[in-house]
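*Asks:* attaching a predicted model along with its sequence, questions to come.
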Amino acid sequence: MTDQQWDVLLRTVNGEVSARLPVGFIIDSPWLPNWYGAPILDYFSSDETWLAANLKAVREFPDVMFLPGFWSEYGMCTEPSAFGVRCTFPHNEFPHAHKVLISGDDIDALPSPDPRTDGLLPLVLNRLKLAQPR
């Protein structure tokens, strides 16, 4: 998302009316890998494929705000993995997290994750750090 798009988003959220209708899409793995032409597993495991797919979307739709920008994620497994959840990554299907809690009473026993070290969180943060200069 560009600075100009961010300003438009803030003005829209604050209720300002624009002469031009703002358009925004969520940019994430449910549509991006196959639209780009890459297997889902390649999109998740290759920084180059991930970046190229995101850049293609931005270039092909320059007037669209992509929210939240370049979304570094591993499907619905990023956050659960930080809590120790086992995740399954089929080659060209979306990953899924396996059940870890037996009851809602077990929630308090979950440790607080450290985003620097736990699950897929360090990979997500490092991908964003490495891609930022590009």
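*Replies:* Yes, it's here. Numbers count the residues shown, from 1 in each chain.
*Asks:* and the longest helix along the chain, what's buried?
*Replies:* Criterion DSSP state H: the longest helix present in the chain is helix 47-60. Along helix 47-60, these residues count as buried under the neighbour rule (16 or more other CB atoms under 10 Å): Thr49, Trp50, Leu51, Ala53, Asn54, Ala57, Val58. For glycine as for every other residue, the C-beta is placed from the backbone atoms N, C-alpha and C.
*Asks:* and the residue lying farthest from the centre of the chain, what element?
*Replies:* What lies farthest from the middle of the chain is Ala19; by CA atoms, centre = their mean that is 30.3 Å. In the assignment (DSSP states H and E), Ala19 maps to no helix and no strand.
*Asks:* from Pro90, how far off is it?
*Replies:* With distances taken as CB to CB, to the nearest Å, Ala19 is found 46 Å from Pro90.
*Asks:* please apply the same query to Ala57.
*Replies:* Between Ala57 and Pro90 the distance is 23 Å, computed by CB to CB.
*Asks:* the strands in this structure, which residues?
*Replies:* 24-26, 65-67, 87-88, 96-97 (DSSP state E).
*Asks:* contacting residues around the first one?
*Replies:* Yep, that's strand 24-26 we're talking about. Residues from elsewhere that reach strand 24-26, judged by CB atoms under 8 Å, 6 or more residues apart in numbering: Leu9, Phe61, Val64, Met65, Phe66, Leu67, Pro68, Trp71.
*Asks:* I'd say the third one and Val23 touch.
*Replies:* Meaning Val64. Yes. Val64 lies in contact with Val23 (CB atoms under 8 Å); the separation is 5.1 Å.
*Asks:* more crowded one of those two?
*Replies:* Val64 (16 against 10; other CB atoms under 10 Å).
*Asks:* show the backbone phi and psi for that one.
*Replies:* Phi and psi for Val64, reported as degrees, to the nearest 10, are phi -100, psi 140.
*Asks:* hmm, back to that, got TSV for the buried residues of helix 47-60, with distance to Gln132 too?
*Replies:* Output for the buried residues of helix 47-60, formatted as TSV (distance: CB to CB, whole Å):
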residue	distance to Gln132
Thr49	18
Trp50	13
Leu51	11
Ala53	17
Asn54	12
Ala57	17
Val58	14
